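K.L.:
pasting the sequence and the predicted coordinates here, then a few questions.
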Amino acid sequence: MYLDLHSHSVSSDDSRATVEQYVKWIHVLRSKRGYTIDGFVLTEHRKFDFDKDYSQLATEYDVLIMKASELDTRYGHVLVYGVTEGLAKDIDLGDVKMDARELIKAARHHGAIAVPAHPGRFGIGLVDYMDQGETFPDLEIVERVNGGSRAGENERAAALCDEHNYLGTGGSDAHLASHLGSCVTSFPTEVRNERQLVEALLTGDFSPVWLKDVN
Amino acid sequence: MPEQNGPYFEDVDLGDEIGPIELVATDENVTTFCELWGNPMPNRFTSQEIAEKSGLPGPIVPGVMSMAIMSQALTDWAGPESLKDLDLVFRLPIPHNKPLFISATVIDTRQEEGNNVVECDVLMTGTAGERYVGGTALLSLPSSEEQ
Amino acid sequence: MTMELEYNRDLYGVEHEAGPFEITAELIQTFNRSIGESSPMYTDAATAQAAGYGGVLAPPTLVTMLVRNVELPDIDLKFGRMRFHAGQRVQSRAPIVAGDSLMASSHLKEVYPKTGRSGTMVFTVWETTFTNQDGVVVADVQESYASRE
């Protein structure tokens, strides 16, 4: 199945897209453009929306909608899938200077998984920090394909994956509805919720793809 | 009621794309805009030297002007009275004298408080796909049934 | 820890007024020329009058140029060395035509931090409402400025 693992709704301060607009856009991708896309993950900036329930929209449009976070760290942005109340108690999701290494460890401790976002992004991506000598021993997965990347940034992420044998995900990083689904992560197994998403990522059996290349 | 030159609400569908419309903001356009705007010149919008002192590679198109240009692309398509809301984020400095591409994608159509609303994502990009400006627009279109 | 911002919060709820701004046909034509606008409703009085307006219609973003005439106070934000225009929103509430006289009223809407490509930034948002000579609100403009470390 194809899931966009990186998107932002109006719950993030820099997005203009509502979740309803996203599900309608999925409908456009499926019915008018002939793409297969099963769902998306809302990775809101510096927060986790424990109180938001999108199940009615998901059922109405037959779209899997999952929730996650994109947290700021001193080593760039990190997507966290499978956020639990325990994790949110252990770390301050709004701390923009947290250590990504601590976040990676805390996430695993609480059954979640931390994936550095757009590591090839110039200036604030993981690649730059690793070039400065920082190491991330517990890291296994990074976002290899990001739909918001500028020229050269996804290539830097791919080189990082190849050099360190990191697994790679794909996500649009949509902040506007029509950008959702530009790139996705392909899973051979079915994912129905956040817990199963973490399990699927832990198996290592997934790959990033541009939606236009797979349909 | 004026003749409707743009589309009727019923003509518009989710996923429809407008553009890309190609244009160039020339030095002369920006100078004229700044004169009207009342921004004392020379400034970073008109002077290479002042732009460089501000950390820019060259003079840039004012955000206010880029909004006017994007608004024009939308009203050219939907009609001069159509634009009700334009909400933009200025992501990158916009250069003078280089091709700019404006595009919009219809992401929702709905009837709201008696209006036929079309919602679009709007983008201004450069030749290498640089996203200079992005945002959303709400347009109100007439219904063909009202004619 | 979540970032604590230091600035003058007393500015919330305070309106800063300016005007009147006379919307002349000449002003509209100069605006049109600077962006290459040629729609007859914006350029030809006869076309606009045939549509029921008293004069040429002003393009919807013309009011955004007037905002800089409102004298806004320094919010005394203790953050950042550089400041740039990060975003803008215009909401058209009613037509603006040549001959209108507009008043502007601005207030501080919000101040919030965000981390992006170039590090942490603080956004300051001002909202300006334009009202015509008949007391009709014709447009709201929000301007967002980012301060960067």
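P.N.:
Okay, I see it.
K.L.:
surely residue A:99 is in contact with residue A:76?
P.N.:
No. Under the criterion of Cβ atoms under 8 Å, residue A:99 makes no contact with residue A:76, lying 11.6 Å away. (C-beta placed from N, C-alpha, C; glycine too.)
K.L.:
go through chain C and flag its longest helix.
P.N.:
In terms of residue count, the longest helix belonging to chain C (DSSP state H) is helix C:25-35.
K.L.:
what are the C-alpha coordinates of that one, in PDB please?
P.N.:
Presented in PDB, the C-alpha positions along helix C:25-35 are these (Å, rounded to 0.1, in the frame of the first residue of the first chain):
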ATOM      1  CA  ALA C  25      -8.800  56.600 -11.300                       C
ATOM      2  CA  GLU C  26      -5.100  57.700 -11.700                       C
ATOM      3  CA  LEU C  27      -4.000  55.700  -8.700                       C
ATOM      4  CA  ILE C  28      -5.700  52.600 -10.100                       C
ATOM      5  CA  GLN C  29      -4.200  53.200 -13.600                       C
ATOM      6  CA  THR C  30      -0.700  53.500 -12.200                       C
ATOM      7  CA  PHE C  31      -1.200  50.300 -10.200                       C
ATOM      8  CA  ASN C  32      -2.500  48.600 -13.300                       C
ATOM      9  CA  ARG C  33       0.600  49.700 -15.300                       C
ATOM     10  CA  SER C  34       3.100  48.400 -12.800                       C
ATOM     11  CA  ILE C  35       1.700  44.900 -13.000                       C
END
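K.L.:
which bits of chain C sit near chain B?
P.N.:
Chain C comes close to chain B at residues C:27, C:30-31, C:33-37, C:39, C:41-42, C:47, C:50-52, C:57, C:59-62, C:64-65, C:68-69, C:82, C:84-92, C:95, C:142, as judged by Cβ under 8 Å from any Cβ of the partner chain.
K.L.:
Produce a PyMOL select command limited to the buried residues of those.
P.N.:
Selection of buried members from the residues of chain C next to chain B for PyMOL, criterion 16 or more other Cβ atoms under 10 Å in any protein chain shown:
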select buried, chain C and resi 27+31+33+34+35+37+39+41+42+47+51+57+59+60+61+62+64+65+84+86+87+88+89+90+91+92+95+142
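K.L.:
so which of the residues of chain C next to chain B belong to strands?
P.N.:
Of these, the ones assigned to strands by DSSP state E are C:82, C:84, C:85, C:86, C:87, C:88, C:89, C:90, C:91, C:92, C:142.
K.L.:
still on that earlier bit, touching the longest helix of chain C from outside, list them.
P.N.:
Applying Cβ atoms under 8 Å, 6 or more residues apart in numbering or on different chains, the external contacts of helix C:25-35 come out as B:29-30, B:32-33, B:35-36, B:65, B:68-69, B:72, C:37-38, C:42-43, C:45, C:55-56, C:58-59, C:62, C:65, C:98-99.
K.L.:
PyMOL command to pick out the buried ones of these?
P.N.:
The buried residues among the contacts of helix C:25-35 can be selected in PyMOL (16+ other Cβ under 10 Å) with this line:
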select buried, (chain B and resi 29+30+32+33+36+65+68+69+72) or (chain C and resi 37+42+43+45+55+56+58+59+62+65+98)
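K.L.:
contacting chain A as well, which ones from the contacts of helix C:25-35?
P.N.:
Among the contacts of helix C:25-35, no residue lies close to chain A (Cβ under 8 Å from any Cβ).
K.L.:
the longest helix along chain B and chain C, any residue contact?
P.N.:
In chain B, with assignment by DSSP H, the single longest helix is helix B:63-78. Yes. Using Cβ under 8 Å from any Cβ, we find that helix B:63-78 touches chain C at B:63, B:64, B:65, B:67, B:68, B:69, B:71, B:72, B:75, B:76.
K.L.:
what sits against the fourth one?
P.N.:
Residues in contact with residue B:67 (Cβ under 8 Å, 6+ apart) are B:86, B:88, B:133, C:61, C:64, C:88, C:90.
K.L.:
I figured residue B:61 hits residue B:98, correct?
P.N.:
No. Contact criterion Cβ under 8 Å: residue B:61 and residue B:98 do not qualify, at 9.6 Å.
K.L.:
neighbour count winner among residue A:99 and residue A:76?
P.N.:
residue A:76 (22 against 15; other Cβ atoms under 10 Å in any protein chain shown).
K.L.:
quick check, pLDDT for the more buried one.
P.N.:
Here, the pLDDT recorded for residue A:76 equals 93.
K.L.:
return the alpha-carbon coordinates of stretch C:93-112 using PDB.
P.N.:
Taking Å, rounded to 0.1, in the frame of the first residue of the first chain, the C-alpha atoms of stretch C:93-112 are listed here in PDB:
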ATOM      1  CA  ARG C  93     -15.300  42.300   1.600                       C
ATOM      2  CA  ALA C  94     -16.800  44.800  -0.900                       C
ATOM      3  CA  PRO C  95     -15.900  46.400  -4.200                       C
ATOM      4  CA  ILE C  96     -13.500  49.400  -4.100                       C
ATOM      5  CA  VAL C  97     -14.100  51.800  -7.000                       C
ATOM      6  CA  ALA C  98     -12.500  55.100  -8.200                       C
ATOM      7  CA  GLY C  99     -13.800  57.900  -6.100                       C
ATOM      8  CA  ASP C 100     -13.900  55.900  -2.900                       C
ATOM      9  CA  SER C 101     -12.200  57.300   0.200                       C
ATOM     10  CA  LEU C 102     -10.800  54.700   2.600                       C
ATOM     11  CA  MET C 103      -9.800  54.700   6.200                       C
ATOM     12  CA  ALA C 104      -7.400  52.100   7.600                       C
ATOM     13  CA  SER C 105      -7.200  50.700  11.100                       C
ATOM     14  CA  SER C 106      -4.400  48.300  12.100                       C
ATOM     15  CA  HIS C 107      -3.800  46.200  15.200                       C
ATOM     16  CA  LEU C 108      -1.300  43.600  16.300                       C
ATOM     17  CA  LYS C 109      -2.900  40.100  15.600                       C
ATOM     18  CA  GLU C 110      -0.300  37.700  16.900                       C
ATOM     19  CA  VAL C 111       3.400  37.000  17.600                       C
ATOM     20  CA  TYR C 112       4.700  33.400  17.400                       C
END
